[in-house]
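Novice: Sequence first, predicted coordinates after that:
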Amino acid sequence: MKKIGLLIKETSENHIKSNLKESSAFFVVKHSGLSSPDLSTLRQSLRSINATLFVVKNSIARRALKSSDLEDFNKLIEGPCGLVFVKEGPVDTCRLLYNFSREHVQLKIEGGLVKNRIIEKKDIEALAQLPSLEVLRTQLVVVLNSPILRLAIVLKQVLRKFVYCLDQIKQKKTS
């Protein structure tokens, strides 16, 4: 029978591996000095956007990342770290982490992986500052609608000038 500590380590490592396979993105954050209630608030906020924060010992995280062919992230794992796994919507998660780190300076975003692309802290901040999906869709509709609207205005002016011309001809013939 295995010791309980070894079972916990294996379970944690398997949990990380399975989350890495299921997630569309993940981020490494440092939470040194962050209070327990603030950490709970962060977890609840992440849960609301379909993401999870998993805090684990560094040696276990390094071993799981190495076995998942993500050894590049091992250099980011120093001190109290957590892994944020994102099921969908990595931009929303970036925005939440960025805003939370601005309010709580103890939380530091180190880097991440989005759609098999390694991103750094500056990339996460750039993603966080993107407008929301609804705003982007609205901007797209406005851009697509603009040429149609201009065409309608031009055609309306042509018709107006034609009617004005016919009206002038009518007035000449009646006078």
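Specialist: Received, thanks. Please read these numbers as outputs of a predicted model, since none were measured by experiment.

Novice: what residues are up against residue 98?
Specialist: 109, 124-125, 128-129 (Cβ atoms under 8 Å, 6 or more residues apart in numbering). Yep, even glycine has a C-beta here, placed from its N, CA and C like the rest.

Novice: Quickly find the element holding it.
Specialist: Assigned by DSSP states H and E, residue 98 belongs to helix 90-103.

Novice: any idea of the mean pLDDT in that helix?
Specialist: Confidence for helix 90-103, expressed as mean pLDDT, is 90.

Novice: Now, of the contacts of residue 98, which are buried?
Specialist: Burial by neighbour count, 16 or more other Cβ atoms under 10 Å: within the contacts of residue 98 this picks out 109, 124-125, 128.

Novice: tell me, what residue is most central in this protein?
Specialist: residue 91 (0.9 Å; Cα atoms, centre = their mean).

Novice: quick one: that one from residue 23, how far?
Specialist: For residue 91, the distance to residue 23 (Cβ to Cβ, to the nearest Å) stands at 14 Å.

Novice: coming back round to it: quick one: distance of the helix holding residue 98 to the chain centre.
Specialist: 8 Å (Cα atoms, centre = their mean, to the nearest Å).

Novice: Just checking the distance from whichever helix in the chain runs longest to the centre of its chain.
Specialist: Secondary structure of the chain per DSSP state H: the longest helix is helix 133-174. How far helix 133-174 lies from its chain's middle: 40 Å, per Cα atoms, centre = their mean.

Novice: Which strands or helices does that helix pack on?
Specialist: Packing partners of helix 133-174 (3 or more Cβ pairs under 8 Å, 6 or more residues apart in numbering; DSSP states H and E): none among the helices and strands.

Novice: just to revisit the earlier point, which two in the buried ones among the contacts of residue 98 are spaced the farthest apart?
Specialist: 109 and 128 (9.0 Å; Cβ to Cβ).
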